[in-house]
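**Q** mind folding the following:
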Amino acid sequence: MSSFKIDTSTAVVFVAVEPKMKIINKQTEEVAVDRETGAKMMTVGLTIADEGEANLYTVSIPETGVPAGLTLGMPVKVIGLKARDWENTFNGEKRFGIAFRAVALVAPSQAKG
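**A** Numbering: from 1, shown residues only. Next comes the predicted model:
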């Protein structure tokens with residue numbers, strides 16, 4: 001599947017849903033792991049506003065790229081945001097969508113200094 005970079009350089013981005021571990025199996029509570037680094041994956045709900053429009057995106061980020069202390073409404077900078085299409089079949093039903101992933105988030109307190 002293809003992935004595409006998303007430019008958020010002119011957008012206002014803030015935390016809409018606090019970070020939580022990305023669970024890939026609800027029965028076993030298995031946490032998703034980044035295939036390249038082995039880091040546990042987290043999901044964060046981000047509202048991205050640009051050009052008069054705002055949308056909520058659930059973004060997967062390695063745990064190492066999620067700063068401590070993120071709170072609802074906190075502005076953040078997104079590093080390496082990409083979108084990738086996906087599809088699978090579950091219980092005979094075909095599903096598809098777009099997954100969003102970033103390398104890291106930077107909180108305002110981290111950007112200073």
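**Q** any stretches of this structure with poor pLDDT?
**A** By pLDDT under 70, the weakly predicted segments of the chain are 1, 110-113.
**Q** for the spatially most central residue of it, give me its contacts.
**A** Centroid-nearest residue in the chain, with Cα atoms, centre = their mean: residue 59, separated by 1.6 Å. Listed by Cβ atoms under 8 Å, 6 or more residues apart in numbering, the contact partners of residue 59 are 43, 44, 45, 46, 78, 81, 100, 101, 102. C-betas here are computed from N, CA, C, even on glycine.
**Q** most distant residue from the centre of this protein?
**A** residue 92 (27.9 Å).
**Q** from residue 21, how far out is it?
**A** The gap separating residue 92 from residue 21 is 29 Å, by Cβ to Cβ, to the nearest Å.
**Q** same check on residue 66?
**A** 10 Å.
**Q** give me the common contacts of these two.
**A** residue 42.
**Q** the more surrounded of these two?
**A** residue 66 (22 against 14; other Cβ atoms under 10 Å).
**Q** residue ranges for the strands of this protein, please.
**A** Along the chain, the stretches classed as strands by DSSP state E are 3-5, 12-21, 23-25, 30-31, 41-50, 53-62, 77-79, 82-90, 93-101, 104-106.
**Q** contact partners of the second one?
**A** Contacts made with strand 12-21 from outside it, assessed by Cβ under 8 Å, 6+ apart, are listed as 31, 40-50, 56, 58, 61, 63, 66, 70-78.
**Q** between it and strand 41-50, how many degrees?
**A** Regarding strand 12-21 and strand 41-50, their directions subtend 160 degrees when assessed with axes from the mean of the first three to the mean of the last three Cα atoms, to 10 degrees.
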